[in-house]
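In: This is a predicted model, with the sequence first.
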There are 4 protein chains.
Amino acid sequence: MNAPIPTAQVREQLYRDMDAYNLTPLWEVLHALVPPRPASPCAPALWKYDEVRPFLMRAGDAITAEEAVRRVLILENPNLRGQSCITQSLYAGLQLILPGEVAPSHRHTQSALRFIVEGSGAYTAVDGERTTMRPGDFIITPSWTWHDHGHEADEPVVWLDGLDIPMLRFFDAGFAQNDTSKSQQVTRPEGTSFARYGHNMVPVRHAPPFGKTSPIFSYPYERSREALHELEQHAPVDAWDGFKLRYVNPLTGGWTMPTIGTFMQRLPAGFQGQGWRQTDGAVYSVVEGEGEVQIQQDERSWSFRFGPRDHFVVPSWHTARLSSSKGCVLFSFSDRPVHEALGIHNEERLS
Amino acid sequence: MNAPIPTAQVREQLYRDMDAYNLTPLWEVLHALVPPRPASPCAPALWKYDEVRPFLMRAGDAITAEEAVRRVLILENPNLRGQSCITQSLYAGLQLILPGEVAPSHRHTQSALRFIVEGSGAYTAVDGERTTMRPGDFIITPSWTWHDHGHEADEPVVWLDGLDIPMLRFFDAGFAQNDTSKSQQVTRPEGTSFARYGHNMVPVRHAPPFGKTSPIFSYPYERSREALHELEQHAPVDAWDGFKLRYVNPLTGGWTMPTIGTFMQRLPAGFQGQGWRQTDGAVYSVVEGEGEVQIQQDERSWSFRFGPRDHFVVPSWHTARLSSSKGCVLFSFSDRPVHEALGIHNEERLS
Amino acid sequence: MNAPIPTAQVREQLYRDMDAYNLTPLWEVLHALVPPRPASPCAPALWKYDEVRPFLMRAGDAITAEEAVRRVLILENPNLRGQSCITQSLYAGLQLILPGEVAPSHRHTQSALRFIVEGSGAYTAVDGERTTMRPGDFIITPSWTWHDHGHEADEPVVWLDGLDIPMLRFFDAGFAQNDTSKSQQVTRPEGTSFARYGHNMVPVRHAPPFGKTSPIFSYPYERSREALHELEQHAPVDAWDGFKLRYVNPLTGGWTMPTIGTFMQRLPAGFQGQGWRQTDGAVYSVVEGEGEVQIQQDERSWSFRFGPRDHFVVPSWHTARLSSSKGCVLFSFSDRPVHEALGIHNEERLS
Amino acid sequence: MNAPIPTAQVREQLYRDMDAYNLTPLWEVLHALVPPRPASPCAPALWKYDEVRPFLMRAGDAITAEEAVRRVLILENPNLRGQSCITQSLYAGLQLILPGEVAPSHRHTQSALRFIVEGSGAYTAVDGERTTMRPGDFIITPSWTWHDHGHEADEPVVWLDGLDIPMLRFFDAGFAQNDTSKSQQVTRPEGTSFARYGHNMVPVRHAPPFGKTSPIFSYPYERSREALHELEQHAPVDAWDGFKLRYVNPLTGGWTMPTIGTFMQRLPAGFQGQGWRQTDGAVYSVVEGEGEVQIQQDERSWSFRFGPRDHFVVPSWHTARLSSSKGCVLFSFSDRPVHEALGIHNEERLS
């Protein structure tokens, strides 16, 4: 009678034999596939604007907006280099346009946000309407709408691009087209969309122009700041967020884009926030003022001091705390609309 | 063999016999119950402000706001006198408040709108927040919220009240309470609600304050007029409506109240509108300018010339045509949200 | 100097003067318009089937289904005689069809339910599909769909009709048409709708056939009873309702019709229910068994003992208690979908 | 004067310098990030059951269900080996349970479907209720519900597992827990969920048990087959799909799970389907009968003949054609609910 073959050997043989049939044993990987809690591969990271800006200007010399199509430096997550993403599901970059330049017209199923960081007078054109960019403005180029950028004023303009590129790649749903003309025809005067949808009134018998995306494609900072200011005067401060507003689609009350949620918040002077963690990793752009974010996960911790125009990312399920001695304003975006639609959003607030 | 009893006699006997059992034959009334098209008992009607205003002022002498609770002259439909309604489902009235007066605090499940017709400086308080009234402002007192009115400035203020009183009566769902204090305590400064919800941004982790009703309870004319103006600059004129906007609840994109839809429209100078009819009867308040409405049903027709602060009603399924030689602005409200929720809205546009 | 004119006289004069202008003082009627709680004009009432049935049969002799179009005895609320309604917003009647008869094809915007009370073998045809009627079946003829009834078997068939006729009248939204042919063409075999939508599966790329109304227009008692039975085996008994199920539209999970909610419930033997009241008045049809309902409002009270095929109505905001010594099954309907859509539903459960 | 530095050199230097700052040029990768159309890295693939089954049985010898926790052979996409997925967003595997075994209780935020392939008598327990498995049954273990499997009958049971594991990993939102006991306590008899929600009726005042997931967690083949059969009798055949049904959540009419859509379809004998492509890659399990699927993308093409219990995958934006000479029944699932929620679903039907 033979000795029984050791289990490990039996299994290895099985694995080898079935490998050719595209079969693999779950039990060897189950723990990694169904982890006890999110262990995001993303790292917290900070991009100081005074370090990034010189590279942007060098890029301005090295390539034209038109040749680049989009002259953008991608903010790549340090742990995901080569993947063109800042979290697993989101892309972020800083785009430079110089006076006289054009970033040619194209469209794609990816949704994009622009948050203006520096300079005024460039424009984004969406579906026949231009909007002039000023610092702090939040602008959308909705999925599958023609859009181009141009600049007829006289200082460099830089903005943050936020896109769902990794999601569309993951779901294999990306389409794109280049326009036959460099800049699209302007068919409606600036301000049309805001006039039609921005005043808590909407045209009767309208067909919403952009599907699931907000029909307002520009949320000027002037109004957002007023909203924040009035909230700060009248509402109690939130122990985690200070004063935080969510941009909404006036046709639904929901998110401005189906894939990306956008926020603006004010930390009042002397704010010492409580910690929280959530499953949606978030990207921040500092609009005004200074502050600090402390991030922790397990034994590791990070601390970033930030000032105007800096950018940073807080990955999924990392505990973050915001504070500010002199007060500051932060714009941020995350993939929370997807987490909510899929029923997988999770959040924990520490006190 | 007896002669058969005539049918009519058999039936009459049956009707008499079963009457005591609360039974009645459908076939005698079917046609009236299921009419080929709506034959509203409401009549078109116009209330000229220069005829109504003197009565309002006399009412100001005859009774105090506090004694009246609400010093209102009901605009009763001529065909529905004694029923306190302007259409079968809607109530409208003109309310007067004089300097120094108070209309005491109460709440009810009926939803109410106020549209300011004349005078400035009175206030409505809703749920601890006051809003100052100026001509053209649209203000809501949501279902089951405490509200009172007061007036600390120095001219008479008159506004249009629109309520769903007949609906709540029909559905046997009306509740009401008087407040223990005459004027409710102010707990939030004026402008709070607008600051929080009016800028296409909403507070994160908010609980919507008023259920199905818009969290903004004041839509100032300043903004509505700006929206109309910009629409007029940029959009094509509609052959039926001129330039017409619907007020929206920024948390849903839907109606401002679950029972009443509200609109503001501008007829440009020289506008000669096409005819239309719809199942929701509508009440109009003339904000600025002059014009004419022609109304037809079957062989009957009506023609009303209207000027500032006049009011008129267009009943269900009556064909109406609006025109204006010098241009005008109209506020209106109807029960369309209910027609839509019940799947019974119908509309016909003639060309 | 003259004596001042007494207030009452001043007011009376004002009322008289403005009456011609269709103006009336709110303060004289405010309390009635905005009552502290619903004071429905409807009365609780019971229709014993053994009293009603002889009248139905006499109606069978007195008029043909075709001549009557619908041979129905309306269950009129004792307090609302002449208004063809059982509550202010709902219509109910008992319809008789005899072997060989046809109730001709028509359509209307009113939604109708049929609940089969006695006899088998008649059919309702909706939009080209017939469904055979058996006691306890719940059948819908959706708004604006062609429908006719016929009977090719050999016993009288009686069913309860429930319609939203008073609502469509109140909202001035009723349309109706007679078909050019007496019975519509059958274009799909019986069972098609149920096969397509009744199994928690729906055809891919379907266009829902009936707008806001359930695409299943027949809910056979065989399945409802199975659902009730299994619930009774497995779920705890509810102290107010026994075991109560709501029929749903499988395309939305919501109500079967936008204007009328439908329910079936079982009171187990020995059930002594707690009292409750709600703003939606409800109509009951007794399917099997016997029981008692006690109804109270203010000082008044009613008590009805009911048996198979009896019908009764519980008005808005009347406190009701159900009990049954031997157990029973009840079908019911109310206007709750409207109360919910309008945000005016209210309910109180006593314990 | 120096010669200008060549552009390529300037750029390379820039890229090198900014690399340390986690910055990378978009223009070098833009085309790949925003492709003209989806170019899924997934390959079409077929798993013949007679090839897979022997490995399953060897796995049955090599490891117990309890030791494995889940004894599953993952169907790995040939182009995505090592990633435990069948498309980029979906996981599929075949699970074996032998008589007397237990797969211990745990829960996770990942949603899972089970589609029974071979054998009867095993059970899945979800949230205190067991359901017995029979071939063709579709069973759900909703997100974050305790579930375990066991087998008290006498033949091996094999089922297909479909999960959203890659999505939860991508969105960094996976949580999991092991139960303290091996098998959860049974608290409700088998059939309870179906009795409560499966008959187009739902309990009044229910709290939906599973959030966004269907409250019915078992859809028995007996009913699905009946639905298919009746559809085949009554409906026209679809040129692309034959007769195809979507499983629905009876509380919403929507998908059974927020992340995975599930379908069952019948190709009648002689069916020669037209081609189509869509952005959601789909996994098929052959229930009965035989057929063929032809898949094309660009110049490449694949052709798979399939029989009972075979499995295959059609990646995003690959053109597929189904045919069957003798007729067959197919179960399938995809990530379409996500594509729809995100507004990125796209589909093309060729004729």
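Out: Cool, got the structure.
In: where in the stretch 1-150 of chain A is pLDDT low?
Out: Applying pLDDT under 70 to the stretch 1-150 of chain A flags residues A:1.
In: in it, which spans are helices?
Out: A:7-19, A:30-33, A:49-62, A:65-68 (DSSP state H, counting those that start in this stretch).
In: so A:Pro166 sits in a helix?
Out: Yes - using DSSP: H, G, I helix; E, B strand; the rest coil, the secondary structure at A:Pro166 is a helix.
In: give me every residue that touches the residue nearest the centre of chain A.
Out: Nearest residue to the geometric centre of chain A (CA atoms, centre = their mean): A:Gly162, 3.9 Å. Taking CB atoms under 8 Å, 6 or more residues apart in numbering or on different chains as the criterion, A:Gly162 is in contact with A:Leu90, A:Tyr91, A:Ala92, A:Ala112, A:Leu113, A:Phe115, A:Ile260, A:Val283, A:Phe333. Every C-beta, even on glycine, is put in place using the N, C-alpha and C of the backbone.
In: For the stretch 201-350 of chain A, just list every one of the helices.
Out: A:221-234, A:336-341.
In: right, and the secondary structure at the residue nearest to the centre of chain A would be what?
Out: Put simply, A:Gly162 is strand when judged by three-state DSSP.
In: pLDDT at it, what is it?
Out: For A:Gly162, the pLDDT comes out at 98.
In: Run through the bridge partners of it.
Out: On the basis of DSSP bridges, A:Gly162 is bridged to A:Ala92, A:Leu113.
In: Return the distance of it relative to A:Val293.
Out: Using CB to CB, to the nearest Å, A:Gly162 is found at 18 Å from A:Val293.
In: Ok, A:Gln83 next?
Out: 23 Å.
In: How about the stretch 251-351 of chain A: which residue is closest to chain D?
Out: Ranked by CB to the nearest CB, the top residue of the stretch 251-351 of chain A for proximity to chain D is A:Ser316, at 3.4 Å.
In: hmm, back to that, which one's more surrounded, A:Gln83 and A:Val293?
Out: The neighbour count for A:Gln83 versus A:Val293, taken as other CB atoms under 10 Å in any protein chain shown, is higher for A:Val293 (21 against 17).
In: Settle this for me: the more buried one is touching A:Val314, isn't it.
Out: Yes - judged on CB atoms under 8 Å, A:Val293 makes contact with A:Val314 at a distance of 7.1 Å.
In: shared neighbours of these two, which are they?
Out: Common neighbours of A:Val293 and A:Val314 (criterion: CB under 8 Å, 6+ apart): A:Tyr284, A:Ala320.
In: now the strands: where do they sit in the stretch 1-150 of chain A?
Out: Using DSSP state E, counting those that start in this stretch, the strands of the stretch 1-150 of chain A run over A:23-25, A:45-47, A:72-75, A:91-97, A:102-108, A:112-118, A:122-126, A:129-132, A:138-141, A:147-151.
In: need these in TSV with mean neighbour count, can you?
Out: Listed next are the strands of the stretch 1-150 of chain A as TSV, based on neighbours: other CB atoms under 10 Å in any protein chain shown:
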stretch	mean neighbour count
strand A:23-25	21
strand A:45-47	21
strand A:72-75	26
strand A:91-97	26
strand A:102-108	21
strand A:112-118	24
strand A:122-126	24
strand A:129-132	21
strand A:138-141	27
strand A:147-151	23
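In: Show me the one of the ones you listed that comes nearest C:Arg53.
Out: C:Arg53 sits nearest to strand A:138-141 of all the strands of the stretch 1-150 of chain A, at 67.0 Å, using CB to CB.
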